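Student: fold the following, please.
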Amino acid sequence: MYQTRLAPAAEAYRSVDLTSRIESASPHGLVTILYEELLGALGVVRAAVRAGTSASRADGLPRALTILQALENGLDHDKGGAVAGTLAQVYRGIRAQVSKAAGAGDLPALDEARRMVADLALAWGQIGK
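Tutor: Just a heads-up that it's a prediction; the model follows:
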């Protein structure tokens, strides 16, 4: 009960934190934030599928799909060349896999999609070092 009453306040603080991080982030940092948010959204989808709660799944799934689309839309095909093209295909594939897996309640497929995103996020983090 106590946690339920605090949920709106916690979400408001999280939103303010995210907004301030976005406003102060470099372009590289923005992609890092997108990966972090995507991993979180995929976690929400997974938890909802595991619990059989479609309402919670509806919250995480559109967010995950929107972030994947944003990552794809943000690719610079002129500067990125073949790498950008490959990443676009990867993002499309992950988007399709997440949609299908969430609808079918396929936890192993969701876990695989999350692992792919985690690998991409790790590689992206290495570029910034």
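Student: not counting its neighbours along the chain, what's nearest the residue nearest to the spatial centre of the chain?
Tutor: By Cα atoms, centre = their mean, the chain has its centre lying nearest to L38, at 1.1 Å. Nearest residue to L38, sequence neighbours excluded (Cβ to Cβ, 6 or more residues apart in numbering): I67, at 4.3 Å. (C-beta placed from N, C-alpha, C; glycine too.)
Student: next one: the strand or helix carrying that neighbour to chain centre, how far?
Tutor: Assigned by DSSP states H and E, I67 belongs to helix 54-73. On the basis of Cα atoms, centre = their mean, to the nearest Å, helix 54-73 sits 7 Å off its chain's mean C-alpha point.
Student: can you give me the buried ones in it?
Tutor: By 16 or more other Cβ atoms under 10 Å, the buried positions in helix 54-73 come out as R57, G60, L61, R63, A64, L65, I67, L68, L71, E72.
Student: quick check: buried residues in the lengthiest helix in the chain?
Tutor: Assignment by DSSP state H gives helix 77-104 as the longest helix of the chain. Using 16+ other Cβ under 10 Å as the test for burial, helix 77-104 gives A84, L87, A88, V90, Y91, I94, R95, Q97, V98, S99, A101, A102.
Student: and of these, the nearest to D78?
Tutor: Lowest distance from D78 to the buried residues of helix 77-104 (Cβ to Cβ) belongs to A84, with 8.3 Å.
Student: I'd say the closest one and H77 touch.
Tutor: Yes: at 4.6 Å, A84 counts as touching H77 under the criterion of Cβ atoms under 8 Å.
Student: who's in contact with S54?
Tutor: Neighbour list for S54: A48 [criterion: Cβ atoms under 8 Å, 6 or more residues apart in numbering].
Student: what does R63 give?
Tutor: E37, A41, V44.
Student: ok, now with 10 Å
Tutor: Shown in contact with R63 (Cβ atoms under 10 Å, 6 or more residues apart in numbering): E37, L38, G40, A41, L42, V44, V45.
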